[in-house]
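Undergrad: Provide a 3D model corresponding to the input given below.
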Amino acid sequence: MTIRPTQQATFSQLQRGLSANFARLVRAQEQVATGRRIVRPSDDPVGASLSLSYKRQIAASERYKTAVQGARVMLDTGSSLLQDAGGMLAEARSTLLAAMNGTQSEDDRRLLGNSIRLIRDRMLEVANARTGNRYLFGGANSSSAPFEQTTRAGVNSVEYVGSRQIQEVLVGLDSKLDVTLPGDEIFAAKARSGAGFSGLTGVGAGASANQGSGYVYLRVRHDTTTPAGLGAGLNLAAGGANDTILGAHTLVVDPVANTARLGAGAAVELPAVGSPSAQSVRIANENGAEVFIDFSGWTGAAVSATLTGAGSISLDGANYTPITLTETDLQLTADGGATVLHLDTTGIHRAGVELVTFAGAVNIFDTLQGIVDDLENGDGLDPRELRERLDIWLGELDRNHENLQIATGELGSLSARASSLESSFDDEQIAVRGLLSGVEDVDFAQVALDMTRSEQTLQLAQATSARLLQTSLLNFLR
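TA: Modelled structure (predicted):
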């Protein structure tokens, strides 16, 4: 018995064949148009999953790269600024050495001091520099200026008010990159070695520890000199108001040599008794302690007398504490207890303004300000005393310069690391994009061949279907 397919069955079979061939052609044309092998997840579920994974990896790498690029801008800017600051400090050092030259006049030193003041102002601008709206050297706090000017124990000073935490950016799941260094590690790095005294007055460190930073001026004041009358018609000029001696000092007047000597100081030739200059003769000992004697009534007799100066001492220039010259641990405070000095007064021999530095804790700005103060010489230091003070500042300047150079090197190292990370992210993205291309992108030569084959197959199927669908009465009678 012959089984003949029905017209409906034949039509359905032809329709399925045409649809399949047309779908292959459409898919091939879609791949050519988009350039992608996977247009929708159903095209290749495994490949689509790999594609999403690669895309997430690329996106994460791009985020890290963007963060590194931002960090690198800050690091390069900071490094450049610190290099400029290093040049400023080198200029300040050269200016200071020129000021220490004994041939400089007071006016010359004032001019050099003004140059250093300008350097200090420029240094403060560098320390408070910004990139965009972010302060570079404020640590984790980048929204406000990290350094501000203030007054400590009557001295113009600069304090760090930024954060001591380091700004960081995430450059990996468990990896971070420092964006900059806190400003106090750059401009105010400390290597404390205790309070240092310039040695002008003879005051020293007491038995207890001192507290403070930067520098202060310790004012040792002469109050009275006794006895007022020395015999042989000699008296203290102006009642001793201009004297600077503290403690006991021996005055010897030699009528034969016509000289007067205080302690082991240089002998001073005496003026004629009736001359105006005889009313106030300055006599200084080996440490610069002075007495002013009125020789206008001198009888010409030899004199050997002990003069004793009494005085007081102040840390803030307002509140003075009497000194007995026997204290070994006299405590003075200022700034509400922020600055505390413990003093040994047993070696004090003269009045004056004593520079006290918290050695290793004087920041760049205070060092430069101290140099300016001394070059202006408001304390009336003689050349030797001024040289001793400037030697102290030279040491602090060199220490700060070294710290600045170390910080510049650290920022340069961080910038190099940022550059290396940026290159590694570029390489990673290239590699992952290659893998993504291997999953998603189409092989144009292959898909073009597939499209041609699909088109030819479809045309052949259409021609065959047209012949198969031709019907006549004879087909039904067979």
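
Undergrad: elements contacting the one helix or strand Ala71 maps to?
TA: Element membership for Ala71 (DSSP states H and E) is helix 45-99. Judged by 3 or more C-beta pairs under 8 Å, 6 or more residues apart in numbering; DSSP states H and E, helix 45-99 is in contact with helix 106-127, strand 130-131, strand 168-172, strand 175-178, helix 364-376, helix 383-440. Where you see a C-beta, it was placed from the backbone N, CA and C, and this is true even at glycine.

Undergrad: 7 Å - rerun?
TA: helix 106-127, strand 130-131, strand 168-172, helix 364-376, helix 383-440 (3 or more C-beta pairs under 7 Å, 6 or more residues apart in numbering; DSSP states H and E).

Undergrad: tell me the most buried of those?
TA: helix 364-376 (a mean of 25; mean count of other C-beta atoms under 10 Å).

Undergrad: quick one: mean pLDDT over it.
TA: Averaged across helix 364-376, the pLDDT comes to 92.

Undergrad: just stretch 85-93 next, same as before
TA: 94.

Undergrad: for stretch 384-399, same thing?
TA: 90.

Undergrad: check stretch 312-324 too.
TA: Rounded mean pLDDT across stretch 312-324 is 92.

Undergrad: so what's the gap between the helix holding Ala71 and the chain middle?
TA: Put simply, helix 45-99 sits 17 Å off its chain's centre (C-alpha atoms, centre = their mean, to the nearest Å).

Undergrad: and the angle for it with helix 383-440?
TA: 170 degrees (axes from the mean of the first three to the mean of the last three C-alpha atoms, to 10 degrees).

Undergrad: angle of helix 45-99 against helix 364-376?
TA: Using the same axes, to 10 degrees: helix 45-99 against helix 364-376 is 10 degrees.

Undergrad: okay, the angle between helix 45-99 and helix 106-127?
TA: 170 degrees.

Undergrad: quick one: which of the helices and strands packed on helix 45-99 is nearest Asp223?
TA: For Asp223, the closest of these is helix 383-440, at 21.7 Å, according to C-beta to C-beta.

Undergrad: now for the closest one, which elements pack on it?
TA: helix 45-99, strand 175-178, helix 183-186, strand 352-358, helix 364-376.

Undergrad: closest to Glu327 out of the ones you listed?
TA: Of all the helices and strands packed on helix 383-440, strand 352-358 comes closest under C-beta to C-beta, at 15.0 Å.

Undergrad: now do the closest one: distance to the chain's middle.
TA: 26 Å.

Undergrad: hmm, back to that, let me have the helices and strands packed on helix 383-440 in JSON lines, adding distance to Thr339 as columns.
TA: Shown next, in JSON lines, are these (distance: least, C-beta to C-beta, whole Å):
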{"stretch": "helix 45-99", "distance to Thr339": "26"}
{"stretch": "strand 175-178", "distance to Thr339": "33"}
{"stretch": "helix 183-186", "distance to Thr339": "18"}
{"stretch": "strand 352-358", "distance to Thr339": "9"}
{"stretch": "helix 364-376", "distance to Thr339": "13"}
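
Undergrad: what's the closest of these to Asn210?
TA: strand 352-358 (7.2 Å).

Undergrad: tell me the pLDDT of Gln470.
TA: 59.

Undergrad: and if you look at Val171?
TA: 77.

Undergrad: is it in contact with Asp178, as I believe?
TA: No - counting by C-beta atoms under 7 Å, Val171 stays clear of Asp178, with 10.4 Å between them.

Undergrad: how about low-confidence regions in this protein?
TA: 1-44, 46-48, 51, 192-193, 359, 436-478 (pLDDT under 70).

Undergrad: could I get the phi/psi values of the closest residue to Glu388 other than its chain neighbours?
TA: In space, and not counting its chain neighbours, Glu388 is closest to Ser198: 6.1 Å by C-beta to C-beta, 6 or more residues apart in numbering. Dihedral angles of Ser198 (phi, psi; degrees, to the nearest 10) stand at phi -70, psi -20.

Undergrad: His342 now?
TA: The phi/psi pair for His342 (degrees, to the nearest 10) is phi -110, psi 120.

Undergrad: if I look at the nearest residue to it once chain neighbours are set aside, how far off is Ala195?
TA: Spatial nearest neighbour of His342, chain neighbours left out: Gly206 (3.3 Å); criterion: C-beta to C-beta, 6+ apart. Gly206 sits 10 Å away from Ala195, taking C-beta to C-beta, to the nearest Å as the criterion.

Undergrad: same deal with Leu75?
TA: Taking C-beta to C-beta, one finds Leu75 at 37 Å from Ala195.

Undergrad: neighbour-wise, which of the two wins?
TA: Leu75 (27 against 24; other C-beta atoms under 10 Å).

Undergrad: that one contacts Leu411, correct?
TA: Yes - applying C-beta under 7 Å, one finds Leu75 in contact with Leu411, separated by 5.6 Å.

Undergrad: what sits in contact with each of the two?
TA: Thr180 (C-beta atoms under 7 Å, 6 or more residues apart in numbering).

Undergrad: give me the contacts around the helix or strand Gly311 falls within.
TA: Assessed by DSSP H and E, Gly311 sits inside strand 303-314. Residues outside strand 303-314 that contact it (C-beta under 7 Å, 6+ apart) are 218-226, 230-232, 234, 243, 245-253, 291, 320-323, 332, 351.

Undergrad: buried members of these into PyMOL, please.
TA: Selection of buried members from the contacts of strand 303-314 for PyMOL, criterion 16 or more other C-beta atoms under 10 Å:
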select buried, resi 218+219+220+221+222+223+225+230+232+234+243+245+246+247+249+251+253+291+320+323+332+351
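
Undergrad: what about the contacts of strand 303-314, which are in strands?
TA: 218-226, 230-231, 234, 247-253, 291, 321-323, 332 (DSSP state E).

Undergrad: how close does the spatially closest residue to Glu91 that is not a sequence neighbour sit to Glu410?
TA: Once flanking residues are discounted, Glu91 sits nearest to Ile119: 6.3 Å by C-beta to C-beta, 6+ apart. Distance from Ile119 to Glu410, counting by C-beta to C-beta: 23 Å.

Undergrad: the strand holding Gly311 pairs with which strands, parallel or anti?
TA: strand 215-226 (antiparallel), strand 247-254 (antiparallel), strand 321-323 (antiparallel) (DSSP bridges).

Undergrad: between the first one and strand 352-358, how many degrees?
TA: Relative orientation of strand 215-226 and strand 352-358, computed by the same axes, to 10 degrees: 150 degrees.

Undergrad: residues making contact with strand 215-226?
TA: 153, 155, 201, 203, 236, 240, 243-246, 291, 307-315, 317, 320, 334, 339, 348, 351-358, 362, 366, 370.

Undergrad: try the second one
TA: Contacts of strand 247-254 from elsewhere in the structure, counted by C-beta under 7 Å, 6+ apart, are 230, 260-263, 283, 285, 289, 291, 302-309, 325, 348-349.
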